[in-house]
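Kindly generate the corresponding structure for this input.
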Amino acid sequence: MAASVDLNADMGESFGPWVMGRDAEILQVVTSANVACGFHGGDPGVMAETIRIASANGVGIGAHPGFPDLQGFGRRRMQMATGDLQNAIRYQLGAIQGMARSQGATVRHFKLHGALSNMCAEDEAMARACYEAALSVDPDVIIFVLAATAQERAVTSLGCKWAGEIFADRAYNDDATLVDRSLPDAVIHDPAHAALRVVKMVQSDAIIAESGAHIPARIDTICLHGDNAAALQIARTVRAGLETAGIALAPVGA
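Predicted coordinates for the structure are as follows:
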């Protein structure tokens with residue numbers, strides 16, 4: 001079991017007057033924020049404000065790029081030429097870096113969003129292409145990967161800095177991929193259930209699938225989705241559960 005774990009949330013996914021999530025409150029609970037870069041959610045003003053609040057709370061800042069799919073919130077699978085996909089990654093990471101630097105903040109980590117992340121969890125070559133693009137912009141950025149998937153194999157082959165991630169609010173298949181959102185109970189809304197399973201996984205150094213199967217995994221960071229209606233309560237309950245179990249929380253790379 002790790003000496004400490006990070007608790008991260010997907011943030012900054014509002015767009016103009018359309019508000020997504022309770023970011024300001026969640027940023028008082030989590031230790032890292034994955035900030036949308038404008039392709040699946042977010043806009044320049046939302047990015048800047050999310051980074052400002054995160055910095056004020058001592059929360060680690062990360063880039064959260066996705067497919068160019070505002071209408072589908074980045075959760076629709078897309079086919080892009082490798083070069084186009086890599087440039088989309090560079091563009092989004094650069095946008096967050098610019099916003100952060102303007103406020104004296106640093107982008108510490110990088111994490112793929114939605115359908116792009118799910119596809120890379122299945123396709124090592126695609127994951128490697130995305131990560132190579134990010135590393136071409138910032139060789140020292142910490143890559144958050146879905147633990148025990150093709151994403152982890154990609155960063156291992158690259159030899160870069162990385163952190164293994166599990167989800168507090170998503171159900172798992174036996175191959176460590178996430179249960180498709182279209183299926184029943186794929187998204188967890190019960191804070192107590194989320195906290196209990198997270199503590200068990202951290203203590204076991206394993207992902208626990210819906211079947212009960214234990215998949216050995218390096219667990220450095222735990223994610224919850226900011227657009228989950230129960231996100232704030234899940235964040236508070238998961239954090240309390242970890243602390244009660246004697247598991248310290250700290251941003252990755254702090």
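
any chance you could map the strands in the protein?
Along the chain, the stretches classed as strands by DSSP state E are 4-11, 32-36, 60-64, 107-110, 142-146, 162-167, 206-208, 214-216, 221-224, 248-249.

Make TSV out of those and add distance to Tyr91, mean neighbour count and mean pLDDT.
Every C-beta, even on glycine, is put in place using the N, C-alpha and C of the backbone. Shown next, in TSV, are the strands of the chain (distance: least, Cβ to Cβ, whole Å; neighbours: other Cβ atoms under 10 Å; pLDDT from 0 to 100):
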stretch	distance to Tyr91	mean neighbour count	mean pLDDT
strand 4-11	19	25	96
strand 32-36	13	30	98
strand 60-64	11	28	98
strand 107-110	13	26	98
strand 142-146	17	27	98
strand 162-167	22	24	97
strand 206-208	32	21	97
strand 214-216	34	15	97
strand 221-224	23	26	96
strand 248-249	32	14	96
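
among the ones you listed, which is nearest Ala95?
strand 60-64 (8.2 Å; Cβ to Cβ).

out of the strands of the chain, which comes closest to Gly98?
Distance to Gly98, taken as Cβ to Cβ, is lowest for strand 107-110 among the strands of the chain, at 9.6 Å.

Please tabulate the strands of the chain in a markdown table, including the columns distance to Gln92.
Listed next are the strands of the chain as a markdown table, based on distance: least, Cβ to Cβ, whole Å:
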| stretch | distance to Gln92 |
| --- | --- |
| strand 4-11 | 14 |
| strand 32-36 | 9 |
| strand 60-64 | 6 |
| strand 107-110 | 9 |
| strand 142-146 | 14 |
| strand 162-167 | 19 |
| strand 206-208 | 27 |
| strand 214-216 | 30 |
| strand 221-224 | 18 |
| strand 248-249 | 27 |
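
closest to Met119 out of those?
Checking the strands of the chain against Met119 by Cβ to Cβ gives strand 142-146 as the closest, at 11.1 Å.

helices and strands around that closest one, which ones?
Here strand 142-146 touches strand 107-110, helix 124-137, helix 150-158, strand 162-167, going by 3 or more Cβ pairs under 8 Å, 6 or more residues apart in numbering; DSSP states H and E.

Need those in CSV (columns: distance to Pro184).
What follows is those, written out as CSV (distance: least, Cβ to Cβ, whole Å):
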stretch, distance to Pro184
strand 107-110, 32
helix 124-137, 28
helix 150-158, 26
strand 162-167, 17
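
closest one to Cys120 among the strands of the chain?
With Cβ to Cβ as the criterion, Cys120 lies closest to strand 142-146 of these, at 8.1 Å.

what's the angle between that closest one and helix 124-137?
Taking axes from the mean of the first three to the mean of the last three Cα atoms, to 10 degrees, one finds that strand 142-146 is oriented at 160 degrees with respect to helix 124-137.

For strand 142-146, which strands pair with it and how are they oriented?
strand 107-110 (parallel), strand 162-167 (parallel) (DSSP bridges).

give the contact list for the closest residue to Asn118 other than its chain neighbours.
Nearest residue to Asn118, sequence neighbours excluded (Cβ to Cβ, 6 or more residues apart in numbering): Leu178, at 6.5 Å. Residues near Leu178 by Cβ atoms under 8 Å, 6 or more residues apart in numbering: 118, 121, 146, 167, 170-172, 186.

What pLDDT does the model give Asn118?
pLDDT, Asn118: 95.

Pull out the buried residues from stretch 101-120.
Across stretch 101-120, burial judged by 16 or more other Cβ atoms under 10 Å covers 105, 107-120.

wait, stretch 144-162
144-152, 154-155, 160-162.

Closest one to Ser14 out of these, please.
Of all the buried residues of stretch 144-162, Phe144 has the smallest distance to Ser14: 21.5 Å, by Cβ to Cβ.

show me what contacts Asp140?
Asp140 is in contact with Lys161, counting by Cβ under 8 Å, 6+ apart.

err, Lys200, not the other one
The contact partners of Lys200, taken as Cβ under 8 Å, 6+ apart, are Ile208.
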